[in-house]
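Engineer: using only what follows, build the 3D model:
(chains A, B, C and D)
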Number of protein chains: 2
Amino acid sequence: MLANMDENDERWQALGDFIRAQRQLRDLSLRQLASLAKVSNPYLSQLERGMYRPSVDVLKNIAAGLRMSTETMLVQAGLLAEPGDVVALDVEGAVRLDPHLTTAQKEALLGVYRGFVGHPAPPPTRRPKAASKPRVNRTSSH
Amino acid sequence: MLANMDENDERWQALGDFIRAQRQLRDLSLRQLASLAKVSNPYLSQLERGMYRPSVDVLKNIAAGLRMSTETMLVQAGLLAEPGDVVALDVEGAVRLDPHLTTAQKEALLGVYRGFVGHPAPPPTRRPKAASKPRVNRTSSH
DNA sequence: TGCGCACGCTTGGTATATATAGCGCTGGTC
DNA sequence: GACCAGCGCTATATATACCAAGCGTGCGCA
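Structural biologist: Below you'll find the predicted structure:
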């Protein structure tokens, strides 16, 4: 589904190498780290050899088992930019995370911002209005 | 696998709500965002209702489709623990660095922002704990 | 020499993330 | 009215993340 899947594959492989190196650096056996990270040891083995792409919680647990921060792990996984680059964070995120603003203020500010930059790709559909639909049967009534 | 799954469940649910809110704020239909995020529309629908926990690349793609950074998304998902650590961000800097805005727009936006937070002469939103430079050695620096 | 034991790995299964096809609804256009 | 286009959602199928059991090897120890 993703176009550059091969690139990603190599990324996961590199992540596996990184995990294995870190584990061995700490003199941990596969089973030990697996136990710390709350995953099975075969799975960890396969992860280290780049056979699977772990989910975020697994990454988080492994990072915890290796006593490193989750971000470091994610950066290694190539899923996050380097922390230094994070400064180039989007306005959206910055506003949303700003503790000085109330929720209403955030929405207002973001409204202005969006007005400035415009919508990404509102393709000329025949009916531009859609959001006024009330929440219908949330739990299926079948 | 994880001990406190219920807690996490609520987290994913909250993430779904967040995604839906953001999508509707931008007047995007499910299918539009799904297409932008390169996932199927039923899956996105189920994500928004907290029925599944998306993988990282899906999160990344959705964040891209919503024009926000992956970090923001992950923080919202509660997967990146300390925002203070990751985001050395301030609204000022984010706005100044945003390439989508003209200078006049930046000034206008910052004017609104300063009006909200109250202080006209903003002391740079320095985070006192910016010392955590991780030892991530970009070994596989392709 | 054999026995236990820890190591990393293979095998085969289950759970769940993600896709495809299609339903019922609502609101425009003729 | 009929009809089409878009909406969100359900139902079902497939891919894959993840686990439990077990294998072969090497090493210390009687």
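
Engineer: regarding chain A, what is its longest helix?
Structural biologist: What stands out as the longest helix in chain A, according to DSSP state H, is helix A:5-25.

Engineer: stretch A:13-28 near chain B at all?
Structural biologist: Yes: contact between stretch A:13-28 and chain B, assessed by C-beta under 8 Å from any C-beta of the partner chain, occurs at A:Ala14, A:Asp17, A:Phe18, A:Ala21. Every C-beta, even on glycine, is put in place using the N, C-alpha and C of the backbone.

Engineer: I'd guessed the second one sits against A:Gln24; true?
Structural biologist: No: A:Asp17 is not in contact with A:Gln24 according to C-beta atoms under 8 Å; the separation is 10.7 Å.

Engineer: looking at those two, which is more packed in?
Structural biologist: Between A:Asp17 and A:Gln24, A:Asp17 has the larger neighbour count (other C-beta atoms under 10 Å in any protein chain shown), namely 16 against 13.

Engineer: from the contact counts, what lies against the worst-scoring helix or strand of chain A on mean pLDDT?
Structural biologist: In chain A, the helix or strand scored least confidently by mean pLDDT, DSSP states H and E is helix A:91-97, which has a mean of 74. Secondary-structure packing of helix A:91-97 (3 or more C-beta pairs under 8 Å, 6 or more residues apart in numbering or on different chains; DSSP states H and E): helix A:103-117, helix B:70-76, helix B:91-97.

Engineer: can I get these in a markdown table including distance to B:Arg53 and mean neighbour count?
Structural biologist: Formatted as a markdown table, the helices and strands packed on helix A:91-97 follow (distance: least, C-beta to C-beta, whole Å; neighbours: other C-beta atoms under 10 Å in any protein chain shown):
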| stretch | distance to B:Arg53 | mean neighbour count |
| --- | --- | --- |
| helix A:103-117 | 25 | 16 |
| helix B:70-76 | 13 | 24 |
| helix B:91-97 | 28 | 20 |
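
Engineer: what residues does stretch A:46-61 touch?
Structural biologist: Contact partners of stretch A:46-61, identified using C-beta atoms under 8 Å, 6 or more residues apart in numbering or on different chains, comprise A:8-9, A:12-17, A:19-20, A:23, A:30, A:36-39, A:43, A:62, A:70, A:73-74, A:77, B:1-2, B:8, B:53, B:55-57, B:59, B:74, B:77, B:79.

Engineer: low-confidence stretches in chain A?
Structural biologist: Residues of chain A that meet the criterion pLDDT under 70 lie in A:1-9, A:81-89, A:117-142.

Engineer: re the thing from before, just the buried members of the contacts of stretch A:46-61?
Structural biologist: Buried subset of those (neighbour count, 16 or more other C-beta atoms under 10 Å in any protein chain shown): A:8, A:12-17, A:19-20, A:23, A:36-37, A:39, A:43, A:62, A:70, A:73-74, A:77, B:8, B:53, B:56-57, B:59, B:74, B:77, B:79.

Engineer: out of the contacts of stretch A:46-61, who's near DNA strand D?
Structural biologist: Among the contacts of stretch A:46-61, the ones lying near DNA strand D by C-beta under 7 Å from any atom of the strand are A:Lys38, A:Val39, A:Tyr43, B:Met1, B:Ser55.

Engineer: next, the contact list for A:Ser40, please.
Structural biologist: A:Ser40 neighbours (C-beta under 8 Å, 6+ apart): A:Ala34.

Engineer: great, nothing more from me.
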